[in-house]
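J.: generate coordinates for the sequence data below:
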Amino acid sequence: MTLEEVLIQKTTTERASCTGTALEEVLEAAKDNDSLTVGVYECAKVMNLDPDSVSFCVLAMDEEFECDIALQIHFTLIQSFCFDNDISIVRVSDMQRLVEIVGDKAEQLEDAHCVLITNPAEGSWEDPALEKLHLFCEESRRLNDWVPEISLPER
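T.: Predicted coordinates for the structure are as follows:
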């Protein structure tokens, strides 16, 4: 690994940890605004019916589901859809923490593999933390990190 690659990796790791707090803020604000969709199938329905309403996508994976081929196929399709429709997308590895944040929207742990943040029908709500996440995703794509991983802060 070259020095440049080490510096890029370090910068990416630092940015990911800073944006974890922003992601938590955005998820809580979206939950309060009733702008969350949770679950792989529910998210696929929203993306199919109204892709313009989707503002941000979070994919969650933990060790228990790493070998689930069907889930990996769904993730690949969701990622492709997000890329085609210019939707920012990130991964989190702590699905349990994500479930804690989205609360009662995820009735079972298995339902939290995909979370969409949508714009309400009456108009778009602005959130500085969401803008920060969009910028983070843009910068990550410039570094060829197409689906960056974000660590959610511990409680």
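J.: I'd like the mean pLDDT over the longest strand seen in the chain, please.
T.: When the chain is parsed with DSSP state E, its longest strand is strand 54-60. Mean per-residue pLDDT for strand 54-60: 95.
J.: which residue comes closest to the spatially most central residue of the chain once chain neighbours are left out?
T.: In the chain, the centroid-proximal residue (CA atoms, centre = their mean) is V58; its distance is 1.8 Å. Nearest residue to V58 in three dimensions, chain neighbours excluded: V115, at 4.3 Å (CB to CB, 6 or more residues apart in numbering). Yep, even glycine has a C-beta here, placed from its N, CA and C like the rest.
J.: what about the one you found, neighbour count?
T.: A count of neighbours around V115, defined by other CB atoms under 10 Å, yields 29.
J.: so it: helix, strand or coil?
T.: strand (DSSP: H, G, I helix; E, B strand; the rest coil).
J.: please look at it and L98 and confirm they touch.
T.: Yes. If you go by CB atoms under 8 Å, V115 and L98 touch, sitting 6.8 Å apart.
J.: shared neighbours, those two?
T.: Listed contacts common to V115 and L98 are L27, V58, A60; contacts here mean CB atoms under 8 Å, 6 or more residues apart in numbering.
J.: distance to A44 for those - can I get that in JSON lines?
T.: As requested, those are exported to JSON lines (distance: CB to CB, whole Å):
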{"residue": "L27", "distance to A44": "19"}
{"residue": "V58", "distance to A44": "14"}
{"residue": "A60", "distance to A44": "15"}
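J.: out of the residues you listed, who's nearest E126?
T.: L27 (15.8 Å; CB to CB).
J.: figure out the helix or strand that that closest one lives in.
T.: Element membership of L27 [criterion: DSSP states H and E] is helix 3-32.
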